[in-house]
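Participant: no sequence on this one, just coordinates:
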């Protein structure tokens with residue numbers, strides 16, 4: 001009844017398809033909630049990697065430069081006190 005080749009999930013199914021069932025080792029000490037938590041963590045990590053891979057380094061640098069251009073100059077000396 002082994003489903004898949006080792007750990008890691010994956011499988012490359014269509015987007016929105018049901019997640020593949022995990023093979024549970026008979027001596028796995030984790031509870032069902034712990035296994036679900038770890039699977040959700042892996043899913044979130046995959047989503048984060050996918051989102052980061054959508055934009056090139058140049059696009060990220062351009063966005064950062066636009067953001068910095070909108071900020072006030074950090075080296076301006078504030079006027080404090082009389083004078």
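Facilitator: The structure has been received and is ready for your questions. As the structure is a prediction and not an experimental result, all values here were calculated from the model.
Participant: For this structure, give me the ranges with low pLDDT.
Facilitator: Applying pLDDT under 70 to the chain flags the ranges 1-25, 76, 83.
Participant: What ranges does it have for its helices?
Facilitator: 32-53, 57-70 (DSSP state H).
Participant: Same list, those helices, but as JSON lines with mean neighbour count and distance to residue 79 please.
Facilitator: Just so you know, the C-beta spots here come from the backbone N, C-alpha and C atoms, and that holds for glycine as well. What follows is these, written out as JSON lines (neighbours: other C-beta atoms under 10 Å; distance: least, C-beta to C-beta, whole Å):
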{"stretch": "helix 32-53", "mean neighbour count": "11", "distance to residue 79": "42"}
{"stretch": "helix 57-70", "mean neighbour count": "9", "distance to residue 79": "23"}
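Participant: And the ones you listed: which comes nearest residue 82?
Facilitator: helix 57-70 (32.2 Å; C-beta to C-beta).
Participant: which outside residues touch that closest one?
Facilitator: residue 55 (C-beta atoms under 8 Å, 6 or more residues apart in numbering).
Participant: Next, the angle helix 32-53 makes with it.
Facilitator: 80 degrees (axes from the mean of the first three to the mean of the last three C-alpha atoms, to 10 degrees).
Participant: and the gap between residue 74 and residue 64?
Facilitator: 15 Å (C-beta to C-beta, to the nearest Å).
Participant: Make CSV out of the helices of the chain and add distance to residue 78.
Facilitator: As requested, the helices of the chain are exported to CSV (distance: least, C-beta to C-beta, whole Å):
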stretch, distance to residue 78
helix 32-53, 37
helix 57-70, 19
